[in-house]
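Chemist: dropping a prediction and its sequence here:
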Amino acid sequence: MPELKDYSQRLALLIESIQTADFSARLIDTLRSLVPIDDATVILYPARGFPLLEYFEEPEELGHSTLDHFIRAAFVLDPFYIAGTEQHFGVFRLQELSPEGFKDSEYYKNWYRNCGYQDECGYILRLSDDAFINIALGKTKPNSHFSDSQVERLRSIAAVIDTLCRKHWELDTDAAPDAIDLRQQLHQALKHFGRSLLTEREAQVINLVLHGHSTKTVADKLSISIETVKLHRKHAYAKLEVSSQAELFYLFLDSLMSAKNYDGGDTLIAYLQPPRH
């Protein structure tokens, strides 16, 4: 079985590279020996800090500004990140984690489209109480997707990959007791976004829209009619002075990335204040 022999040889190299700079690249190389992968990213989410790109194959279409937006703010909307914070670990396809209508969301258009992904399958692995790793595997060729057998193959070796990742990152994931929980701050900023200007229901609608929910799924989650969702969204857009989901997405990102020494509340309060002369 040449394929199994190749996997075994790459796995041996991966084990040898634990706690070295070569580990992430060899990890992806090992996975590629079993499943065809066009693109891969390894993202470490430490206990309280911002995500760290441990491995990244940068497509020509993806600019540094997109990466910067992802690392500093946009990751809080990522379905794989959300699953990790909710303690869902294992191997997942994007479609298993994302809400209905996600492909029409600005997050999808600004991250996945720039990455060129047609499909994504990834590991979410627990490293410690509050830290986890996301090994994102992408298909970028037109109309290409992970087959059920390929996903099952990745799941069949999940226990090995989980053990090796925990061994490799075991010294890097624990936060100091007095460290500021930066990720929790971002969660709070997202939760409170727009609440200084919007009603409670308008803010709930906007939050779900940012997470990629369709009008129908927003209505289902809030137990209101589709027409009521549209009305709340219309009023919220008017109050926020945006006219589209794209403008809403960038308003959220800009206000979040502009926040200095954030200590709670709506980031729009400081963002919309006129500059001091």
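Modeler: Yep, it's here.

Chemist: which stretches of the stretch 101-250 of the chain have low pLDDT?
Modeler: Scanning the stretch 101-250 of the chain with the threshold set as pLDDT under 70 gives 113, 171-180.

Chemist: what about the helices in the stretch 101-250 of the chain?
Modeler: If DSSP state H, counting those that start in this stretch is used as the criterion, the helices of the stretch 101-250 of the chain fall at 106-107, 113-115, 148-156, 158-169, 182-192, 200-210, 215-222, 226-240, 245-258.

Chemist: for the first one, packing partners?
Modeler: If I follow you right, that is helix 106-107. Contacts defined by 3 or more CB pairs under 8 Å, 6 or more residues apart in numbering; DSSP states H and E place helix 106-107 against helix 245-258. In short, each C-beta sits where N, CA and C put it, glycine included.

Chemist: can you tell me what sits against the helix it packs on?
Modeler: If you take CB atoms under 8 Å, 6 or more residues apart in numbering as the criterion, helix 245-258 is touched by 69, 72-74, 105-107, 109-110, 186, 189-190, 193, 206, 209-210, 237, 240, 242, 267-268, 270-271.

Chemist: any buried residues in that helix, and which?
Modeler: Buried residues in helix 245-258, counted by 16 or more other CB atoms under 10 Å: 245, 248-249, 251-253, 255-256.

Chemist: quick check, pLDDT for residue 64.
Modeler: With respect to pLDDT, residue 64 has a value of 51.

Chemist: give me the neighbour count for residue 227.
Modeler: Burial of residue 227 is recorded as 10 neighbouring residues (other CB atoms under 10 Å).

Chemist: which SSE is residue 50 in?
Modeler: In the assignment (DSSP states H and E), residue 50 maps to no helix and no strand.

Chemist: comparing the helices of the stretch 101-250 of the chain, which comes out most buried?
Modeler: When these are scored by mean count of other CB atoms under 10 Å, the highest mean neighbour count falls to helix 106-107 (a mean of 22).

Chemist: now for residue 265: which residues touch it?
Modeler: So residue 265 contacts 192, 196 (CB under 8 Å, 6+ apart).

Chemist: sec struct for it, please.
Modeler: coil (DSSP: H, G, I helix; E, B strand; the rest coil).

Chemist: hang on, the earlier thing: now the helices of the stretch 101-250 of the chain in TSV, with distance to residue 85?
Modeler: Below are the helices of the stretch 101-250 of the chain laid out as TSV (distance: least, CB to CB, whole Å):
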stretch	distance to residue 85
helix 106-107	16
helix 113-115	21
helix 148-156	21
helix 158-169	17
helix 182-192	8
helix 200-210	15
helix 215-222	18
helix 226-240	25
helix 245-258	17
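
Chemist: nearest to residue 51, out of those?
Modeler: Of all these, helix 182-192 sits nearest to residue 51, with 8.4 Å by CB to CB.

Chemist: how far does that closest one sit from the chain's center?
Modeler: Chain-centre distance of helix 182-192: 14 Å, with CA atoms, centre = their mean, to the nearest Å.

Chemist: please name every helix or strand in contact with that helix.
Modeler: Using 3+ CB pairs under 8 Å, 6+ apart, helix 182-192 sits against helix 200-210, helix 245-258.

Chemist: ok, residues contacting that helix?
Modeler: Contacts for helix 182-192 (CB under 8 Å, 6+ apart): 45, 48-50, 73, 76-77, 85, 207, 210, 252, 256, 259, 262, 264-267.

Chemist: 6 Å - rerun?
Modeler: With contacts defined as CB atoms under 6 Å, 6 or more residues apart in numbering, helix 182-192 is touched by 48-50, 76, 256, 262, 265-267.

Chemist: among these, find the lowest-pLDDT one for me.
Modeler: Checking pLDDT across the contacts of helix 182-192, the minimum falls on residue 262 at 74.

Chemist: and the strands in the stretch 51-200 of the chain?
Modeler: 52-56, 90-93, 119-126, 132-139 (DSSP state E, counting those that start in this stretch).

Chemist: in JSON lines, list those strands along with mean neighbour count.
Modeler: Below are the strands of the stretch 51-200 of the chain laid out as JSON lines (neighbours: other CB atoms under 10 Å):
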{"stretch": "strand 52-56", "mean neighbour count": "16"}
{"stretch": "strand 90-93", "mean neighbour count": "19"}
{"stretch": "strand 119-126", "mean neighbour count": "23"}
{"stretch": "strand 132-139", "mean neighbour count": "24"}
